[in-house]
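**Q** could you look at this predicted model? Sequence included:
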Amino acid sequence: MRQGARSAALGEYLHGALWVLPGTAAALALVAGGLLSQVRIPPDSVLQPFAFAGTADDARQALITIASTIVTVIALVLGLTIVTLQLASTQFSPRLLRNFLRDRPNQVVLATFVATFAYSTAGLYTVRATGGEDFPRLAVSGAVALIFLSLGMLVFFVHHIVHSIKIDTVMNSVAETAARAVRTYTPEAPGIDRTGPVPPPEALALPTTRSGYVQAVHPAPLLEAAAAQDAVVSIVPRVGDHVVAGTAPLALAWTRGGGPPRNAPALTRALHHAVQIGPERTLQQDVLFGLRQLVDIALRALSPAINDPYTGVQALDRLSVLIAMLGGRTLGDDTRTDATGVTRVAVTGPAFADHLDLACGQIRRYGAGEPAVCLALLRLLATAAASTTDAGRRTAVADQIRLVLADAESRIARPADRLAVRALGTRLMSPGT
């Protein structure tokens, strides 16, 4: 179980590391080149048409040209990537950079170029070392094939990079990733907000030894340790919260009798295995971070420097989809029980009202002067109300509707511009809606 939590953290890091796939491709290219260099093609072989037909000097010149060309292409690709990252950071949100680094097509393209360079450079040593005209012709043909593959990947990269910076593509990617996290980490039924056990005053505070963001929680190792001591452990921060070593407790632990657990060091070790803390927020389990990215895009679009209300409306459209998904799922605290059904671990989680406030609050405050944004907010809230039958959640929706109407009344200058907002808000607040 502990190994699984570490594997999840390692997998999350490797998936977003730009060097992993190119490094692996370079190693495989060297292995492939070494194997092909051992192959000699007889004149009567069916592979003879695929063998390089020139001399050893021609082969060396071809490999030198391929290696030098691919270095130039790599510099071009990295330059375009940096420009894309800079544009995404300034135009959309700095929290989107991680998404671009994790983009698999970008990693594959860079891996192809690095593999071609490594293969061609190693081939220079092989051709030169053999001497004479007896050199691995099939291996040289492999370098020619790789340069054609790299040419195709370059065209694909330009196509992909142009589409990847389109605002619709960016928002769809964020929304799909957040929706996947919702489906994976939130139970589908019964669609309520759960609350965990309330810690007693004598509960023992378990500190954290690291500062950073809570990226994920894997309760299994903590559940085992808590059951062994007949204890209950409640993790205080939510996934996505920032914790500081030596200050607020990472968790509170107590026995079912109300006193502190008998073996606090064992629980602390299990807690550190269960809670993954890192330097940045991720979408591994953090649904709020997905909402945060879409809200950031809307806020940038609504800023006076950009003044693009329609992009804000588009972001609210994607947020509506996520809020509708959350409305029918169980949120709040995640409680885990042992084999006998006794609650042993509680992980604090955001309720539906927290998701709704994040999706609406800042956009409402920054965009309340634009009728199109207010109407998009009200449509989102109408979708939220239709997605749930829970009374508490519908109350939270009604509270947000009243806030939108109040801000629209005070921020929209012309009475005629307020009519559509007031009409939709009134209809949503009417009984039976």
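**A** The structure has been received and is ready for your questions.
**Q** for the chain, what's the longest helix?
**A** Longest helix in the chain by number of residues (criterion: DSSP state H): helix 56-87.
**Q** so how far is that helix off the chain centroid?
**A** Centroid displacement of helix 56-87 relative to its chain, using C-alpha atoms, centre = their mean, to the nearest Å, is 30 Å.
**Q** got it, and stretch 349-358?
**A** When C-alpha coordinates are averaged (C-alpha atoms, centre = their mean), stretch 349-358 and its chain have centres 19 Å apart.
**Q** what's the answer for stretch 177-190, then?
**A** 14 Å.
**Q** now swap in stretch 212-230 and tell me
**A** With C-alpha atoms, centre = their mean, you get 23 Å for stretch 212-230.
**Q** so how far does that stretch reach from one end to the other?
**A** Distance between the two ends of stretch 212-230: 30 Å, counting by C-alpha to C-alpha, to the nearest Å.
**Q** which positions in that stretch come out as buried?
**A** Residues of stretch 212-230 classed as buried: 212-227, 229 (neighbour count, 16 or more other C-beta atoms under 10 Å). The way it works is simple: take the backbone N, C-alpha and C, and place the C-beta from them, glycine included.
**Q** rewinding a little: just the mean pLDDT for the longest helix of the chain, thanks.
**A** Helix 56-87 shows a mean pLDDT of 87.
**Q** show me what that helix is packed up against.
**A** The contact analysis (3 or more C-beta pairs under 8 Å, 6 or more residues apart in numbering; DSSP states H and E) places helix 56-87 against helix 97-101, helix 104-130, helix 137-164.
**Q** and these as a markdown table, adding distance to Arg418?
**A** Shown next, in a markdown table, are the helices and strands packed on helix 56-87 (distance: least, C-beta to C-beta, whole Å):
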| stretch | distance to Arg418 |
| --- | --- |
| helix 97-101 | 37 |
| helix 104-130 | 46 |
| helix 137-164 | 39 |
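**Q** out of those, which is closest to Leu267?
**A** Nearest to Leu267, of all those, is helix 97-101, at 32.2 Å by C-beta to C-beta.
**Q** hey, least reliable of the helices and strands packed on helix 56-87 by pLDDT?
**A** Among the helices and strands packed on helix 56-87, helix 97-101 has the lowest mean pLDDT, at a mean of 74.
**Q** circling back: tell me the most buried of the helices and strands packed on helix 56-87?
**A** Of these, the one with the most neighbours on average (mean count of other C-beta atoms under 10 Å) is helix 104-130, at a mean of 20.
**Q** quick check: angle from that helix to helix 137-164?
**A** Between helix 104-130 and helix 137-164, the angle comes out at 160 degrees (axes from the mean of the first three to the mean of the last three C-alpha atoms, to 10 degrees).
**Q** let me know the angle separating helix 104-130 from helix 56-87.
**A** Helix 104-130 runs at 160 degrees relative to helix 56-87, counting by the same axes, to 10 degrees.
**Q** quick one: helix 104-130 to chain centroid distance?
**A** That offset, for helix 104-130, works out to 30 Å (C-alpha atoms, centre = their mean).
**Q** output the contacting helices and strands for it.
**A** Against helix 104-130 (3+ C-beta pairs under 8 Å, 6+ apart) you get helix 20-36, helix 56-87, helix 137-164.
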